[in-house]
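1. Sequence and predicted structure below; questions after.
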Amino acid sequence: MNYRDLIHFDTGAAVVRQDVPASEPTRLLAARMVKKSPEQATLVRGHLSRFTKFFDGMSERMEEFVALFPIHPDSLAALEKIPFIQPPDILQWLAEEVRKLLDKPVPENSPGLIGYDRFWDYLCRQPEFQKLPDVEAVVYCNKTLAAAFEKNWTRAEWQPTAQQILHALLVHRLTTGDIYNQHGATPAELRDTLCLPPFGVEISSGDPAAALESRVAEILAELRKVAGEKSIFFIRTLTNTAFTSRNSNGLSNLSWSCTG
């Protein structure tokens, strides 16, 4: 079953035009882009229901996930926090991402949702954004980390998810309002806001969501080794331990947190 079988993709230019009315929420326009018949909605619901045990809140928000499938609802919330990104930018990106998926099979081992991590590649292709100081700084820092990742990463089975997490953290940095402060996302937040594939934890005993959270934390620890322990360090607060990375110009280009 391909994505095309589960949605009626609206290719109309109106959905990504530059004069989107402020009164028409991005979420509604995105849902219109991937509208579904009742039969398609039932199929999507059945697919996603197989994964609710791995992600906090998915079961309670099922109708929202179904309406926006294959778009992760939290992708919209994340990108709307980036000051220089406007609704037409989000919709144009989503249209491109959905179009790429149409003739691909819906994965059997993951929800198969478009997470905000994919926005990183889109951002890097837009010349008008590359000129912005915040984007330029984060792109610069990413070059060093990407080189270290390509050279030193050894866990082949984790590589796609690790790349997802890296890109998500880069985008997350731009959502914080100040890229030079320490901000981050917890392993649980990364798990849920990206709906990361539950590889290797499908048959784990205990709580599936907790098992996947632990796997995300393992990948983050491995990323710390790859980047170098002097590049990624810990910041302890009363409520959590934050991990952040720096380079020579002082920018914390990535950060995340884990409870503890």
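-> Sure thing, it's come through. Numbering: from 1, shown residues only.
2. For the closest residue to residue 71 other than its chain neighbours, give its distance to residue 53.
-> Leaving aside its chain neighbours, residue 71 sits nearest to residue 114 (5.0 Å; criterion: Cβ to Cβ, 6 or more residues apart in numbering). Every residue, glycine included, has its C-beta placed from N, CA and C. Shown here: residue 114 relative to residue 53, a distance of 21 Å by Cβ to Cβ, to the nearest Å.
3. In terms of neighbours, single out the busier of those two.
-> Applying other Cβ atoms under 10 Å to residue 114 and residue 53 shows that residue 114 carries more neighbours, namely 23 against 15.
4. What separation do you get for the more buried one and residue 28?
-> 17 Å.
5. got the contact list for residue 40?
-> 5, 6, 7, 8 (Cβ atoms under 8 Å, 6 or more residues apart in numbering).
6. what's the distance between the strand or helix carrying it and the middle of its chain?
-> Assigned by DSSP states H and E, residue 40 falls within helix 38-49. Mean-position distance between helix 38-49 and its chain equals 22 Å (Cα atoms, centre = their mean, to the nearest Å).
7. Can you name the next helix or strand after that helix?
-> Following helix 38-49 toward the C-terminus (DSSP H and E): helix 62-68.
8. Only C-alpha atoms, please: export that following helix in CSV.
-> Backbone C-alpha positions of helix 62-68 (Å, rounded to 0.1, in the frame of the first residue of the first chain) are rendered in CSV as follows:
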residue,chain,number,x,y,z
MET,A,62,-5.5,10.0,17.0
GLU,A,63,-8.0,12.0,15.0
GLU,A,64,-5.5,14.8,14.7
PHE,A,65,-2.9,12.4,13.4
VAL,A,66,-5.3,10.8,11.0
ALA,A,67,-6.5,14.2,9.6
LEU,A,68,-2.9,15.3,8.9
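9. Name the residues of it that come out as buried.
-> For helix 62-68, the neighbour count (16 or more other Cβ atoms under 10 Å) marks 65, 66, 67, 68 as buried.
10. Would you mind confirming that the residue nearest to residue 71 makes contact with residue 75?
-> Yes: in this structure, residue 114 is within contact of residue 75 by Cβ atoms under 8 Å, at 6.1 Å.
11. Who are the contact partners of residue 119?
-> 75, 79, 93, 171.
12. Check the burial of the second one by counting its neighbours.
-> Looking back up the chat, that one is residue 79. 22.
13. Which helix or strand contains the closest residue in space to it that isn't next to it in sequence?
-> Once flanking residues are discounted, residue 79 sits nearest to residue 90: 5.1 Å by Cβ to Cβ, 6+ apart. Element membership for residue 90 (DSSP H and E) is helix 87-101.
14. Skip ahead from that helix and say which helix or strand is next.
-> helix 119-124.
15. other SSEs contacting whichever helix or strand comes after that next one?
-> Note on helix 119-124: by DSSP H and E, the next helix or strand toward the C-terminus is helix 127-130. The contact analysis (3 or more Cβ pairs under 8 Å, 6 or more residues apart in numbering; DSSP states H and E) places helix 127-130 against helix 133-152.
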